[in-house]
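**Q** Predicted model follows, preceded by the sequence.
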Amino acid sequence: MWAASLAFAALLMCSCSHKGTSEKEMDSFIDDLMSRMTLEEKLGQMNLPSVPNTSVVTGNQKCENVLEDIRAGRVGAILNTYGYENVLLYQKTAVEESRLGIPLLVGLDVIHGHETVFPIPLGLACSWNPEDARLAARIAAIEATADGINWTFNPMVDIARDPRWGRCAEGFGEDPYLGSLYARAMVRGYQGDGDYSEDSDMLACLKHFALYGASESGRDYREVDMSPARMYNEYFPPYKAAVEEGVASVMTSFNDLNGCPSTANRWLLTEVLRNQWGFDGFVVSDYNAVGELVNHRAAESKEEAAVMSLNAGLDMDMVTAGCMTLGEALERGEVKMKQIDAACRRILEAKWKLGLFSDPYKYLDPARKQRIYTEENRAEARRIAASTFVLLKNGKVDGRQLLPLGKNLKLALVGPLADAGVQYQGCWAVAARDSYPSLLDEMRRIDGISLKYAKGCNILEDERLEKIVTPGNASRWDRRPLDEMISEAVSAARNSDVVIAAMGEAANMSGESGSRTDISLPECQKKLLKALTGTGKPVVLVLFSGRPMTLAWENEAMTSILQTWFGGSEAADAITDVLFGDVNPSGKLTMSFPFSVGQIPVYYNMKNTGRDAYSKDYCRYASNWIDCPNEPLYPFGYGLSYTTFEYSPVALSDTVMAVNGAVKAKVTVSNTGEYDGYEVAQLYIRDVVSSETRPVKELKGFRRVFLKAGESAEIEFDITPDMLGWHSVDQYNLSGSSEPLSARFVVEPGDFDIMIGTDSRKVGCARLTLQ
């Protein structure tokens, strides 16, 4: 029992609260506890099974007899359950029925909200407001901890440049600087101040380490082949930022990296993560990633995979339970006892820091259920969702821009996502309700508008597939012939002033295992759109997706396009806020939209070639496509507003900067339109000539500023030498040296272009010289 088996812990906790206890006290407690643990119990702390009878499963491996294993001390954490009664069953079994009564970590994918669902992370990043990301994570933590969860498998900070990859929905886009800011913000949101003194503080888990977003061809779980220079400069920064912010745990990625799977990659898990970056938390595998080393053909058996993973630096095994076989490996001398002790200690330290040894039921108070899905939480989710929408196009009708819409219009609302609130939650809303209000629901509540609705088509033409990609298989499939459905929608359009077409992907067409080779609108939806444009009525495309899509035809044919991603539980209200002008859209893209799949990867911070084409026209023997522009359709940082902004030329406080100095870069931004609104002024820098090739531009800062119509503001950025450098990989490490591969930060004297503007394509420039 708890009181008997941990008498020392009880005495310790009676004499002092967890908050403010010293590291020395933690070490003393864990030393005592581990001295009384058997080898099997130490290995048990490293074992993370998924509870049985759950729908939250992301692999074929199943776990049985979990309660029996908990009683025997063979489990250190569980995942994929939530709710007071569900979690209490497992925690009470661990605390009151196991020999030592060690409490469990309880993990869940709390990715973009809990019951109050926020926009998918890719959308959240488009607000260019990391503080809102922190707030979204904080509210998610408040709700999840009220449901018994003390550990989230988030943030996911993988840089993604391939929109075919479904999991780009879960990250923050293509840029390492912006991704780093969001990584830090999310960690702060989940973990609070880092002392876990609040009952709403939970452990965060950085994922997926590493480079998962660069999987070949955008197909999930595939290999990554990448140069060290690209790793350190373009993909590592968000991971490192989360570590510096104090993230409690790190999850390995499914992919192999340059021939070695991440879960067995000692260079990643020990040399980079611990030795170079100083990470002192625990490392957990992804779902069955240890067992899947056999599928990678890197190990012959689960037992060998467990040895490889521990030797690489893994502490906790999710689902495979290979760690429970390490006793035999210890006898054979394949692993050392100090490795097992180190892994066990790191996990126990996390439980101590959470306060579970002082109160194992800290996260189990049924009265806290009232913190979930509150009006206050929903209001914040609505406000944040509206700030993430990106206005991609806003054409004119009778000399005026179409959006925002007046409330005295006759409107036709059509499309398979108009009345599909279940889809708005996105791809990773594990604790979401069965459904949320739809756009149709909310538009019917608006006074003054005349509204006709027609579905027009299903999301996909394959009923079986649509059910698979709909959360909870809750697809509202319409069995009428497509032509009949389109005819109904066209009739509604002809009797309207404006058509609002709610179209795009189903929620689970992105996310894990949501890779697509064709990222255009499904053919049935395109057929509907073409019929609607044939009526001659202006069409507003309200686009739902978990990725950038190919929209070349839509960009030409639609009057206006509003990208809403998957905006969460309050998406419908937020969309109406923007469509009717209560909120001026201010979102900016964090991932480029290609003209064509054939351009992929296309991203703003590419490098020059030796034969760049400087004309928009096709040029023979230059680096360009015969059938497509080099640039994306919509570039990184792009997003329109109902108002207009103008920038003055970039002004520098000095055109020369010393290596230990600083210079200020300034622009004046003016709201020259008719509406108040937010603008995101973006700072980019380019090293003009360098000893290693560098990108054409790199984001180094931004300011989000609110300006009333007719108002101006001076925006100022401090330029310092560290903003001008990069990580240079020591070449001797690539030529057979026994030294571990590493990188050094380099700042070289020379000329730099300082660019400020409204997006990565439209910038003003000034030249700075570093001496």
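**A** Great, that's in hand.
**Q** pLDDT value on M308, please?
**A** M308 is assigned 98 on the pLDDT scale.
**Q** ok, now which ones touch it?
**A** M308 makes contact with A264, L293, A298, A299 under the criterion Cβ atoms under 8 Å, 6 or more residues apart in numbering. Any C-beta I mention is one placed from the backbone N, CA and C, and that applies to glycine too.
**Q** Quick check: the gap between the first one and N47.
**A** For A264, the distance to N47 equals 18 Å [Cβ to Cβ, to the nearest Å].
**Q** what are the ranges of the strands in the stretch 101-250 of the chain?
**A** In the stretch 101-250 of the chain, the strands defined using DSSP state E, counting those that start in this stretch lie at 105-108, 151-152, 205-209, 249-252.
**Q** what's the helix or strand containing M26 packed up against?
**A** For M26, the element it lies in under DSSP states H and E is helix 23-35. Using 3 or more Cβ pairs under 8 Å, 6 or more residues apart in numbering; DSSP states H and E as the contact criterion, the elements in contact with helix 23-35 are helix 7-15, helix 337-354.
**Q** worst average pLDDT in these?
**A** Taking each of the helices and strands packed on helix 23-35 in turn, the lowest mean pLDDT turns up on helix 7-15, with a mean of 40.
**Q** Can you find the helix or strand in this protein with the smallest mean pLDDT?
**A** Least confident helix or strand of the chain, by mean pLDDT, DSSP states H and E, is helix 7-15 with a mean of 40.
**Q** V187 and S249 touch, don't they?
**A** No: with contact taken as Cβ atoms under 8 Å, V187 and S249 are classed as non-touching, separated by 10.7 Å.
**Q** tell me, what's touching these two both at once?
**A** Shared contacts of V187 and S249, counting by Cβ under 8 Å, 6+ apart, come down to A204, L206.
**Q** Which residues are in contact with D573?
**A** Taking Cβ under 8 Å, 6+ apart as the criterion, D573 is in contact with R382, P437, E442.
**Q** Which per-residue confidence value corresponds to it?
**A** For D573, the model assigns a pLDDT of 98.
**Q** Name the residues of the helix holding M26 that come out as buried.
**A** Applying a neighbour-count criterion of 16 or more other Cβ atoms under 10 Å, one finds M26, F29, I30, L33 buried in helix 23-35.
**Q** sorry, back to before: most neighbours of all the contacts of D573, which one?
**A** R382 (22 neighbours; other Cβ atoms under 10 Å).
**Q** What separation is there between that residue and L104?
**A** Counting by Cβ to Cβ - R382 and L104 are separated by 35 Å.
**Q** Over to L770?
**A** Separation of L770 from L104 (Cβ to Cβ) stands at 54 Å.
**Q** In terms of neighbours, single out the busier of those two.
**A** When neighbours are counted by other Cβ under 10 Å, L770 and L104 differ, and L104 comes out ahead with 25 against 20.
**Q** Name the nearest residue to that one, ignoring sequence neighbours.
**A** Of all residues beyond its chain neighbours, the one nearest L104 is A94 (4.8 Å), with distances taken as Cβ to Cβ, 6 or more residues apart in numbering.
**Q** Could you verify that the one you found is part of a helix?
**A** Yes: applying DSSP: H, G, I helix; E, B strand; the rest coil, one finds A94 inside a helix.
**Q** Could you give the number of residues near it?
**A** Neighbour number of A94 under other Cβ under 10 Å is 24.
**Q** List the residues that contact it.
**A** Counting by Cβ under 8 Å, 6+ apart, A94 touches I70, V75, G101, I102, P103, L104, P360.
**Q** One more pass at 6 Å, please.
**A** Residues counted as contacts of A94 (Cβ atoms under 6 Å, 6 or more residues apart in numbering) are I70, P103, L104.
**Q** Any figure for the gap between it and N65?
**A** Shown here: A94 relative to N65, a distance of 14 Å by Cβ to Cβ.
**Q** Please verify my assumption that S653 contacts A662.
**A** No: at 8.8 Å, S653 and A662 do not qualify as touching, with contact defined as Cβ atoms under 6 Å.
**Q** can you pull the contacts of the closest residue in space to I719 that isn't next to it in sequence?
**A** Counting by Cβ to Cβ, 6+ apart, V663 is the residue found nearest to I719 once chain neighbours are left out, at 4.6 Å. Counting by Cβ under 6 Å, 6+ apart, V663 touches L652, S653, D654, M657, I719.
**Q** Below-threshold pLDDT in the chain: ranges please.
**A** Along the chain, the parts satisfying pLDDT under 70 run over 1-21, 54-57, 614-618, 731-739.
**Q** Centroid-nearest residue for it?
**A** Central residue check for the chain by Cα atoms, centre = their mean: the C-alpha nearest the mean position is that of G171, 2.5 Å away.
**Q** Give the full set of residues in contact with that residue.
**A** P121, M156, D158, A160.
**Q** hey, what's the second one bridged with?
**A** So that's M156. K207 (DSSP bridges).
**Q** From M318, how far out is it?
**A** 15 Å.
**Q** how about the strands of the stretch 451-600 of the chain, start to end?
**A** Using DSSP E, counting those that start in this stretch, strands in the stretch 451-600 of the chain cover 498-504, 539-544, 560-563.
**Q** so which of those comes closest to F593?
**A** strand 560-563 (8.6 Å; Cβ to Cβ).
**Q** quick one: that closest one to chain centroid distance?
**A** Put simply, strand 560-563 sits 22 Å off its chain's centre (Cα atoms, centre = their mean, to the nearest Å).
**Q** what's the answer for stretch 626-636, then?
**A** Taking Cα atoms, centre = their mean, one finds stretch 626-636 lying 25 Å from the centre of the chain it belongs to.
**Q** quick one, helices of the stretch 101-250 of the chain?
**A** Assigned by DSSP state H, counting those that start in this stretch, the helices in the stretch 101-250 of the chain fall at 121-125, 130-146, 176-191, 228-230, 237-244.
**Q** The stretch 351-500 of the chain too?
**A** Remark: helices of the stretch 351-500 of the chain, listed N- to C-terminal, are 375-388, 439-443, 463-468, 482-494; assignment by DSSP H, counting those that start in this stretch.
**Q** just the stretch 551-700 of the chain next, same as before
**A** Assignment of helices within the stretch 551-700 of the chain using DSSP H, counting those that start in this stretch yields the ranges 552-557, 571-579.
**Q** Pick the most buried one from these.
**A** Highest mean neighbour count of the helices of the stretch 551-700 of the chain: helix 571-579, a mean of 25 (counted as mean count of other Cβ atoms under 10 Å).
**Q** With just CA atoms, put it into CSV.
**A** These are the backbone C-alpha positions of helix 571-579, laid out as CSV (Å, rounded to 0.1, in the frame of the first residue of the first chain):
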residue,chain,number,x,y,z
ALA,A,571,-14.3,27.7,-36.1
ALA,A,572,-17.8,28.3,-37.4
ASP,A,573,-18.3,31.4,-35.3
ALA,A,574,-14.8,32.6,-36.2
ILE,A,575,-15.5,32.2,-39.9
THR,A,576,-18.6,34.3,-39.7
ASP,A,577,-16.8,36.9,-37.7
VAL,A,578,-14.3,37.3,-40.6
LEU,A,579,-16.7,36.9,-43.5
